[in-house]
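# sequence and predicted model, in that order:
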Amino acid sequence: MEKLVSLCKRRGFLFQSSEIYGGLNGFWDYGPLGVELKRNIKNAWWQDMVTGHDELAIPAGAPTTYEMTGLDCTIIMHPQVWKCSGHFDLFCDMMVDCKETKKLYRFDQLRGRWVSAQGKKVRLQPKVISEGVQQIQGDEIERLFVTSLAEAEEEAGDLQRRALKAFNLRAKDAEVLEWHESVMTLDKLDSLECVFAPEANSVGTLNGPREFKLMFPTTIGALAGEEGRAFLRPETAQGIFVNFKNVLDSTRVKIPFGIAQIGKSFRNEITPRNFTFRSREFEQMEIEFFCHPEESRKWYEYWRDRRMQWYTDLGLAGERLRLREHDKDELSHYSVGTADIEYAFPFLSEGEYGELEGIAHRGDFDLRSHMEGKLVKNAKGCLEVELGEDGKPKYRGSGRDLQYRDEVTNDRFTPHVIEPSAGADRGALAFLCEAYTEDSAPDDKGQMQTRVVMKFHPRIAPIKAAVFPLVKKDGMPEVAQEIYRALKKRFPAFYDEKGAVGRRYRRQDEAGTPYCITVDGQSLTDNTVTIRDRDTLEQWRVKVDDVVEEVSDRVS
Ligand code: ATP
């Protein structure tokens with residue numbers, strides 16, 4: 001992972017936001033290559049899901065034909081949207097905070113392990129026994145729970161270092177440490193009393209757990225207090241639900257149909273980490289697919305498999321990608337079925353996977369919430385409007401009719417929703433991880449050297465082809481520039497005439513450029529050039545006039 005992170009910075013895929021001011025945790029900028037990669041992912045998604053969708057034919061695995069359309073909604077919406085959707089009350093994580101360092105940690109994510117040191121004792125922070133009464137000296141314990149923020153490979157080493165620090169031991173005394181049970185997250189513990197927090201100097205400094213709201217608040221205009229308070233959207237989905245009627249009334253779409261949207265979302269994550277995996281500002285690619293309740297299970301299965309296939313087709317094949325159906329107890333209160341598409345990111349421990357996309361069967365929860373008001377499950381397991389202390393709806397819905405009337409049968413119903421919700425940044429990160437390859441290739445002298453190559457699928461590769469004159473003379477640059485200009489009309493191409501040609505190949509390998517075209521001495525006599533394949537290193541000659549077609553065919 002370290003190598004990938006450094007390549008991303010060195011070659012301009014990703015930079016830390018506001019880096020010259022020390023950076024801002026949880027915010028990332030896409031550099032010149034990164035912006036092309038991410039845009040290609042979003043374009044591929046939009047093309048495959050929306051514009052390229054054929055509503056006249058039944059796609060493989062789909063129950064019937066269906067229509068697809070798009071939207072682009074605002075980031076700030078009416079605050080009532082979030083009250084009715086449940087985000088205002090429920091969108092939070094449990095967190096703990098450290099009295100000593102003032103740092104916050106996710107209760108369900110901070111990992112650690114029980115350790116003792118052959119009877120050696122550690123003194124805890126003095127406790128507050130009752131209101132206003134505090135211990136003078138903390139209790140002594142022999143077994144403590146050391147924690148670490150380190151990523152997979154460094155975790156064991158960091159836990160050892162922290163344990164030695166807690167027991168005031170030196171590195172050479174490591175064998176004194178006795179480890180108990182396996183590594184676990186804080187939420188598995190009965191109490192936080194014996195926890196040695198990641199950046200603390202004493203043991204027992206954690207408070208909590210308590211709720212931490214994830215929505216970013218903001219203020220609209222000059223209105224003070226509650227009246228001007230709004231939120232940056234934590235997901236793009238709600239913009240689609242509140243526009244459901246507008247889309248129906250302004251187009252001729254009929255159920256089943258889907259509305260797609262790509263856009264920024266914001267979550268005030270407690271511990272943004274793992275590169276861009278958990279960011280505070282990120283982009284989502286979401287579809288809300290509206291169907292008849294009786295058909296919804298079939299559509300859920302269709303979308304689950306369709307979305308999995310999409311990642312596979314773009315090169316995330318193999319055992320690092322998996323589809324995981326949620327157990328019943330993992331499902332949201334309104335969901336009949338949910339599956340996650342997950343990827344074994346290299347920063348995770350062996351056997352662990354991170355979510356790339358969730359495909360949820362959401363029933364009629366969202367449309368009903370925006371009609372009736374915030375819903376909760378009653379004792380019988382049915383959804384009903386949540387009431388406030390005054391017996392009135394806690395958060396009123398819009399009161400608008402968001403039902404659908406089937407023109408043929410005259411049947412009126414609230415459509416069920418299938419939601420494939422993907423993260424463009426997590427997608428980009430997975431494609432970067434999958435592409436990173438080290439192999440060997442001959443240098444200019446024919447000697448085999450280790451090379452780093454980003455094996456992106458041609459559709460998402462930032463640059464599709466690079467053109468080089470072998471030397472900067474004898475008319476080679478002129479021929480190469482003409483080819484370069486012709487390629488640029490079709491897709492991003494790169495021209496390079498500086499340095500040894502082997503070095504130029506190497507730079508394009510690191511950028512993930514699938515094809516390099518070289519104009520050499522022979523080109524000037526027979527009007528042919530070489531095309532080199534990034535992955536196989538195979539080279540073949542092609543007539544200058546055929547280069548554009550040949551490369552276009554291969555990258556499309
Ligand atoms: P997680 O459990 O990892 O926090 P989630 O289940 O809350 O994710 P969803 O609400 O289902 O995520 O959001 C849909 C998609 O949006 C996720 O699959 C992911 O790709 C992306 N996403 C969500 N949160 C973040 C984030 N903080 N940074 C980057 N992408 C995110």
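Now that the structure is in, tell me what you want to look at.

# and the residue nearest the centre of this protein?
Arg426 (2.4 Å; C-alpha atoms, centre = their mean).

# check contacts around the residue nearest to that one when sequence neighbours are not counted.
Nearest-residue entry for Arg426: Leu356, 5.2 Å, with adjacent residues in sequence omitted and distances by C-beta to C-beta, 6 or more residues apart in numbering. The way it works is simple: take the backbone N, C-alpha and C, and place the C-beta from them, glycine included. Contacts for Leu356 (C-beta atoms under 8 Å, 6 or more residues apart in numbering) come out as 311, 340-343, 422-423, 426-427, 430.

# got phi/psi on Leu402?
phi -110, psi 30 (degrees, to the nearest 10).

# with Gly86 instead?
Phi and psi for Gly86, reported as degrees, to the nearest 10, are phi 100, psi -10.

# before we move on, the earlier item: and the residue nearest to Arg426, that's in a strand?
Yes. Leu356 sits within a strand when classified using DSSP: H, G, I helix; E, B strand; the rest coil.

# what separates stretch 506-526 from the chain centre, distance-wise?
Relative to the chain's own centre, stretch 506-526 is displaced by 34 Å; criterion: C-alpha atoms, centre = their mean, to the nearest Å.

# that stretch: end-to-end distance?
One end of stretch 506-526 to the other measures 27 Å (C-alpha to C-alpha, to the nearest Å).

# before we move on, back to that, checking the residue nearest to the centre of the chain next. Helix, strand or coil?
helix.

# pretty sure it sits against Tyr353.
No. Arg426 is not in contact with Tyr353 according to C-beta atoms under 8 Å; the separation is 11.8 Å.

# what do those two both touch?
Listed as contacting both Arg426 and Tyr353 by C-beta under 8 Å, 6+ apart are Tyr343.

# the ligand contacts on the chain?
Neighbours of the ligand within the chain, by C-beta under 6 Å from any ligand atom: 235, 267, 269, 278-279, 282, 284, 355-358, 421-423, 425-426.

# nearest to the ligand, of those?
Lowest distance from the ligand to those (C-beta to the nearest ligand atom) belongs to Gly423, with 2.2 Å.

# next up, phi/psi of that closest one, please.
Backbone torsions for Gly423, taken as degrees, to the nearest 10, come to phi -110, psi 120.

# show me where this protein dips below the pLDDT cut-off.
Along the chain, segments meeting pLDDT under 70 span 224, 332-334.

# mind checking the longest helix of it?
Ordering each helix of the chain by length in residues (DSSP state H) puts helix 296-313 first.

# from the contact counts, what lies against that one?
strand 281-291, strand 321-325, strand 337-343, strand 354-363, strand 416-423 (3 or more C-beta pairs under 8 Å, 6 or more residues apart in numbering; DSSP states H and E).

# try it again at 6 Å.
The elements that helix 296-313 packs onto, with contact taken as 3 or more C-beta pairs under 6 Å, 6 or more residues apart in numbering; DSSP states H and E, are strand 337-343, strand 354-363, strand 416-423.

# off-centre distance for the last one?
In this case it means strand 416-423. For strand 416-423, the distance to the chain centre is 15 Å (C-alpha atoms, centre = their mean).

# what's the angle from that strand to helix 296-313?
Computed by axes from the mean of the first three to the mean of the last three C-alpha atoms, to 10 degrees, the angle separating strand 416-423 from helix 296-313 equals 20 degrees.

# does Ile341 touch Gly358 like I think?
No. Taking contacts as C-beta atoms under 6 Å, Ile341 lies outside contact range of Gly358: 7.9 Å.

# looking at those two, which is more packed in?
Ile341 (26 against 20; other C-beta atoms under 10 Å).

# show me the beta-bridge partners of the more buried one.
Leu323, Glu357 (DSSP bridges).

# contacts only, for it.
Ile341 is in contact with 308, 323, 356-357, counting by C-beta atoms under 6 Å, 6 or more residues apart in numbering.

# and the strands in the stretch 451-556 of the chain, which stretches?
Secondary structure of the stretch 451-556 of the chain (DSSP state E, counting those that start in this stretch): strands located at 465-469, 493-495, 515-519, 528-533, 539-543.

# which strands and helices lie in contact with the first one?
Contacting strand 465-469 under the criterion 3+ C-beta pairs under 6 Å, 6+ apart are the following elements: helix 476-488, strand 493-495, helix 501-511, strand 515-519.

# count of neighbours near the spatially closest residue to Thr219 that is not a sequence neighbour?
Among residues not flanking Thr219 along the chain, Gly228 sits closest, at 4.7 Å (C-beta to C-beta, 6+ apart). Here the number of neighbours of Gly228 (other C-beta under 10 Å) works out to 13.

# I'd say Gly228 and Pro217 touch.
No. Proximity of Gly228 to Pro217 does not meet the contact threshold set by C-beta under 6 Å, at 10.3 Å.

# of all residues in the stretch 451-556 of the chain, which one is closest to the ligand?
Ile460 (16.3 Å).

# could you look up the SS state of the closest residue to that residue other than its chain neighbours?
In space, and not counting its chain neighbours, Ile460 is closest to Asn40: 4.3 Å by C-beta to C-beta, 6+ apart. Three-state assignment for Asn40 (three-state DSSP): helix.

# surely Asn40 touches Pro458?
No. Counting by C-beta under 6 Å, Pro458 is not a contact partner of Asn40; they are 9.7 Å apart.

# which of those two has more residues huddled nearby?
When neighbours are counted by other C-beta under 10 Å, Asn40 and Pro458 differ, and Asn40 comes out ahead with 23 against 20.

# for Gly258, see how far away the more buried one is.
According to C-beta to C-beta, to the nearest Å, Asn40 stands 22 Å off from Gly258.

# got it, and Phe145?
47 Å.

# what of Glu384?
Remark: distance between Glu384 and Gly258 (C-beta to C-beta) = 28 Å.

# what of Trp28?
According to C-beta to C-beta, Trp28 stands 29 Å off from Gly258.

# what's near enough to touch Pro469?
Going by C-beta under 6 Å, 6+ apart, Pro469 touches 476-477, 480, 497, 519.

# which of those sit farthest apart?
Pairwise distances across the contacts of Pro469 (C-beta to C-beta) peak at 9.7 Å, for the pair Glu497 and Val519.

# so those two - more neighbours on which side?
Val519 (29 against 18).

# give me the number of residues near Tyr105?
By the measure other C-beta under 10 Å, the count of residues near Tyr105 is 23.

# sorry, slip of the keys, the one I care about is Trp299.
Neighbour count of Trp299, defined by other C-beta under 10 Å: 23.

# next: the one 3 residues further on.
The tally of other residues near Tyr302 (other C-beta under 10 Å) stands at 23.

# for the one 10 residues further on, same thing?
The number of residues packed around Thr312, counting by other C-beta under 10 Å, is 13.
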